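Asks: pasting the sequence and the predicted coordinates here, then a few questions.
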Amino acid sequence: MTAEHQRLKVNSEKQIPLEQWGPYLSERQWGTVREDYGAFGDAWGYLPFDQSHFRAYRWGEDGLAGISDYFQNLCFAVALWNGNDKILKERLYGVGNYDGNHGEDVKELYYYQDNIPTHYYMEYLYKYPQNEFPYEDLLHTNRTRSKQEPEYEILDTGVFNKDEYFDVKVTYAKQSRTDIYIKIAITNRGAKAAPVTVMPTLWFYNRWVFTPDEPRPVIKTVNKTTVSATHHRLGNYYFYYQAPNDALFTENETNFNKLNGTTATSPFTKDAFHDAVIKGTNREKLRNKKEGTKFAPVYELNLKAGETKIIYCRLSNKADDKPFAIGFENVFAIRKEEADDFYKAILPNDISEDLKNIQRKALAGLLWSKQYYHFDVERWLTTSDGITPVNTGKQNGRNNDWTHLKNQDVIAMPDKWEYPWYAAWDLAFHCISLAMVDVVFAKHQLQLIMREWYMKPDGQLPAYEWNFSDVNPPVQAWAAMEIYRIEKETYGEGDIVFLKRVFQKLLINFTWWINRKDRNGNNIFEGGFLGLDNIGVFNRSHHFANEMQLEQADGTSWMGMYALNMMDMALEIAKHDVAFEDSATKFFEHFVLISESLNSHSLWNDEDKFFYDTLCIAGADPISLRIQSIVGLTSLFAVSTINKEVFERLQDFKKRVNWFESYRKKNNRYWPNEEKSDGDDILISLVQKERLIFLLNRLLHEDEFLSEGGIRALSKYHKDNPYSVTVDGVQYTIQYDPGDSTSNLFGGNSNWRGPVWMPINYLIIRSLRKYGEFYGDQLQVECPVGSGKMMNLVDVSKVLTERVVSLFKKENDSSRKSYGTYNWFYQKPGNEDLVLFYEYFHGDNGAGLGASHQTGWTSLVADLIGGKEVPNEEWKDGTHLELTSEEE
């Protein structure tokens with residue numbers, strides 16, 4: 001029971017899933033849907049980066065290496081100036097969707113170094129150029145590059161080539177829940193002395209403009225090294241800081257003069273620090289101002305080559321005459337040791353130091369990705385932001401039928417810059433990794449998306465703010481069972497009440513799927529793009545003419561998996577509450593019907609031995625869209641085993657299953673794959689054993705799905721064999737595209753036409769292990785195909801795990817596949833242990849692509865490293881694993 005475990009235990013007993021203070025500050029509030037009050041749904045154009053420093057936000061705040069309380073009343077972050085830039089570095093820079101040749105992308109170097117669930121210890125590293133930040137170069141070059149060219153990153157600009165930059169390491173150590181010490185360590189990595197201005201900044205989220213009846217918060221001077229921050233909800237806080245060169249106040253309010261030319265009525269605006277520090281404009285006025293809603297002490301440093309200087313601050317609800325008493329620095333060492341103890345207790349010790357580093361960094365990144373999210377759709381539609389009047393364009397546009405949605409919570413985001421908004425299926429994967437470190441918060445997060453202020457009254461779950469009505473794969477039931485499994489394996493007991501709560505809500509959602517996405521009532525499901533963006537030859541969310549319908553292999557498979565997961569959940573609950581036995585029967589029978597539709601209709605192509613989407617056209621033969629992609633592999637995910645003990649305890653379930661099987665077989669009706677082991681355990685799956693082998697022959701072929709870094713989203717077969725189809729006189733074509741997206745579908749910033757994606761690989765690995773545990777050596781396949789190596793499916797899952805983990809592992813020359821052409825930077829002294837967790841990975845060479853801080857679902861690598869799939873004995877020294885069968 002480490003110190004962190006003790007804190008988590010207290011929180012659990014008090015039913016507190018969240019600490020009051022944490023890394024809840026977004027890294028991008030500009031360019032989001034919730035800040036868009038325009039008439040045309042142009043979120044990127046309505047509030048671009050260029051205006052972010054002088055426009056007050058409506059629905060939240062952002063900053064660099066920042067924290068806030070869980071209602072984001074009060075925020076803290078670091079601002080920097082290198083003496084050359086035209087603006088302060090208050091927030092991370094990136095190109096918007098229209099400016100990047102592959103959509104939006106952050107253009108900075110920053111790293112989530114450490115974090116624990118209660119945030120009593122956190123580390124964040126930012127690398128700040130000493131020369132002028134290449135804003136114009138990054139913007140212009142990315143605008144002019146084509147879709148066939150790679151993104152132009154900050155490491156391409158040359159600004160880091162000579163190591164002329166600062167390492168800015170921000171460390172937080174809590175003395176208590178409401179008493180936080182802050183250490184800002186700035187290191188000159190260059191060969192020459194260089195100046196830098198550091199501004200630890202405290203400010204209030206601007207609610208007062210929209211709630212004039214509530215008291216306005218205020219930050220006031222107490223003495224030369226202390227200010228107080230008073231908020232009618234948060235209470236009183238004190239911000240202590242070491243003696244600075246200057247101290248400035250302003251207001252967190254829009255500069256309308258810069259926005260639209262309105263005559264300035266006050267020098268005290270959100271961007272006042274920029275002009276004061278860089279140009280000297282109104283600096284005396286800001287210095288003489290003794291209160292406001294935004295405050296920063298100013299430290300003007302000059303660092304010699306290799307020198308480190310440290311600035312200490314403290315944010316506390318306690319008045320203290322000696323805020324930095326002798327020995328106060330020890331709190332950082334103590335909390336760091338507690339963090340080390342916590343991870344030693346929960347992570348495996350019998351793996352290499354590199355794997356330990358990867359695992360811990362993945363979990364730290366996931367914890368840093370917690371973000372305060374505020375969005376009241378009804379208020380957003382019916383009020384103004386003080387700049388643009390209420391307009392019919394917005395009222396009749398995006399999300400206008402989601403007025404019930406009133407979100408104000410801390411949520412684990414996919415990526416706090418590229419995706420600073422929740423996504424329903426991403427969040428389900430986040431919760432699995434979260435359960436490794438904080439199962440209470442993981443359960444809270446999964447249930448949150450199903451609460452009344454999220455789920456639509458008809459049962460639909462919100463997809464994401466760009467279009468809440470989009471449909472994501474229904475993985476919540478599967479995630480609930482994974483969380484339950486992790487908790488039971490860790491603590492010896494699972495949370496049945498949690499399963500009950502999830503089950504009741506998902507009953508409503510399952511019904512929504514049946515009523516809305518099974519158009520013909522034949523258990524063949526649609527769903528549109530289903531989170532896979534450009535996986536189809538055309539946009540699968542496109543509404544075809546009435547005489548056309550797209551029957552989706554993955555939509556149907558996801559629903560088969562959903563039904564099976566709900567059956568598993570009902571069976572587990574029924575062991576404790578027999579009232580759920582009937583529900584288990586209901587979902588088992590529904591699974592049988594879905595399995596029949598998937599296997600007996602036109603979705604299976606017997607010539608190719610693969611599942612495909614089918615385009616049905618009235619009066620014509622169905623068109624099988626013969627694209628070998630993960631759309632056809634989702635059928636592998638629906639697999640479960642029922643223990644003999646379950647049948648003995650739940651006799652009604654046993655009788656109904658036996659009767660249903662007898663009835664269907666007697667009447668020559670389809671019966672799904674059902675096999676009994678020697679111990680009478682039963683395997684139930686969507687895919688018959690024969691078809692499973694056919695699918696694995698493609699899955700494990702290196703010229704098709706299997707890459708060095710895992711399973712590709714689209715088969716490499718389509719590199720030389722593009723697929724085309726003509727619909728309504730328009731020809732559509734798809735081919736293997738292993739890197740960045742070359743299409744504009746869904747913004748063009750994600751690509752499912754060849755790269756490796758972590759969540760899909762995780763699902764495949766977990767499913768194959770389940771098959772393998774049942775079949776054992778009775779089912780062996782060649783892996784890789786053509787190698788002559790035969791192995792069971794548990795060993796196959798280990799091979800796939802190794803390949804996925806190899807994306808992050810150091811090679812013999814200290815390079816990592818994921819860093820691709822940028823390994824030259826990460827092989828430098830001091831950078832060797834920095835790890836980024838990309839959104840997806842190149843299908844041929846494993847280079848990281850898309851969002852660079854996707855320690856949302858890419859953090860699943862932590863579970864793979866720590867899970868049963870990892871052959872730990874072979875990885876102790878970090879060497880490459882070669883699995884061979886006993887026969888060999």
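Replies: Received it, and whenever you're ready, just let me know what you need. Residues are numbered from 1 along each chain as shown.
Asks: and the strand or helix carrying Ala229, which strands flank it?
Replies: Applying DSSP states H and E as the criterion places Ala229 in strand 226-231. Counting by DSSP bridges, the strands paired with strand 226-231 are strand 218-223 (antiparallel), strand 235-241 (antiparallel).
Asks: next, the buried residues of stretch 19-28.
Replies: Glu19, Trp21, Gly22, Pro23, Tyr24, Leu25, Ser26, Glu27, Arg28 (16 or more other Cβ atoms under 10 Å). Just so you know, the C-beta spots here come from the backbone N, C-alpha and C atoms, and that holds for glycine as well.
Asks: equivalent analysis for stretch 139-153, please.
Replies: For stretch 139-153, by 16+ other Cβ under 10 Å, it's Leu139, Thr141, Asn142, Glu151, Tyr152, Glu153.
Asks: so where's the stretch 751-888 of the chain shaky on pLDDT?
Replies: For the stretch 751-888 of the chain, the stretches with pLDDT under 70 are 867-888.
Asks: for it, what spans make up the strands?
Replies: Using DSSP state E, counting those that start in this stretch, the strands of the stretch 751-888 of the chain run over 780-782, 790-792, 840-841, 848-849.
Asks: give me the distance between Ser815 and Gly527.
Replies: Ser815 is 40 Å from Gly527, where distance means Cβ to Cβ, to the nearest Å.
Asks: just give me the neighbour total for Gln421.
Replies: No Gln there; residue 421 is Trp. 22 (other Cβ atoms under 10 Å).
Asks: next, the closest residue to it other than its chain neighbours: secondary structure please.
Replies: Leaving aside its sequence neighbours, Trp421 sits nearest to Glu465 (Cβ to Cβ, 6 or more residues apart in numbering; 4.6 Å). Using DSSP: H, G, I helix; E, B strand; the rest coil, the structure places Glu465 in coil.
Asks: poorly predicted segments of the stretch 201-350 of the chain, please.
Replies: 264.
Asks: strands along that one, start to end?
Replies: Taking DSSP E, counting those that start in this stretch, the strands of the stretch 201-350 of the chain run over residues 218-223, 226-231, 235-241, 246-250, 291-292, 294-303, 308-316.
Asks: out of those, which comes closest to Gly786?
Replies: strand 308-316 (54.0 Å; Cβ to Cβ).
Asks: buried ones in that closest one?
Replies: Lys309, Ile311, Tyr312, Cys313, Arg314, Leu315, Ser316.
Asks: ok, these vs Pro117, which is closest?
Replies: Leu315 (19.8 Å).
Asks: who's in contact with the closest one?
Replies: Applying Cβ atoms under 8 Å, 6 or more residues apart in numbering to Leu315 gives the contacts Trp21, Phe76, Asp179, Ile180, Ile182, Leu202, Tyr237, Tyr238, Phe239, Tyr240.
Asks: need those in a markdown table with distance to Ala191, can you?
Replies: Below are the contacts of Leu315 laid out as a markdown table (distance: Cβ to Cβ, whole Å):
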| residue | distance to Ala191 |
| --- | --- |
| Trp21 | 39 |
| Phe76 | 33 |
| Asp179 | 40 |
| Ile180 | 35 |
| Ile182 | 29 |
| Leu202 | 35 |
| Tyr237 | 41 |
| Tyr238 | 41 |
| Phe239 | 36 |
| Tyr240 | 35 |
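Asks: take the strand or helix carrying Lys654, keep the C-alpha atoms, and write them as PDB.
Replies: Assigned by DSSP H and E, Lys654 belongs to helix 651-666. Taking C-alpha atoms only, helix 651-666 is exported to PDB below (Å, rounded to 0.1, in the frame of the first residue of the first chain):
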ATOM      1  CA  GLN A 651     -30.100 -23.500 -15.200                       C
ATOM      2  CA  ASP A 652     -32.700 -21.400 -16.900                       C
ATOM      3  CA  PHE A 653     -30.000 -19.900 -19.200                       C
ATOM      4  CA  LYS A 654     -28.700 -23.400 -19.900                       C
ATOM      5  CA  LYS A 655     -32.200 -24.800 -20.700                       C
ATOM      6  CA  ARG A 656     -33.000 -21.900 -23.000                       C
ATOM      7  CA  VAL A 657     -29.700 -22.100 -24.900                       C
ATOM      8  CA  ASN A 658     -30.200 -25.900 -25.400                       C
ATOM      9  CA  TRP A 659     -33.700 -25.500 -26.600                       C
ATOM     10  CA  PHE A 660     -32.800 -22.600 -28.900                       C
ATOM     11  CA  GLU A 661     -29.900 -24.700 -30.400                       C
ATOM     12  CA  SER A 662     -32.200 -27.800 -30.800                       C
ATOM     13  CA  TYR A 663     -34.900 -25.800 -32.400                       C
ATOM     14  CA  ARG A 664     -32.700 -24.000 -34.900                       C
ATOM     15  CA  LYS A 665     -30.800 -27.100 -35.900                       C
ATOM     16  CA  LYS A 666     -33.900 -29.200 -36.200                       C
END
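Asks: so which residues of the stretch 301-450 of the chain form helices?
Replies: Using DSSP state H, counting those that start in this stretch, the helices of the stretch 301-450 of the chain run over 330-346, 353-368, 377-382, 392-395, 424-437, 439-448.
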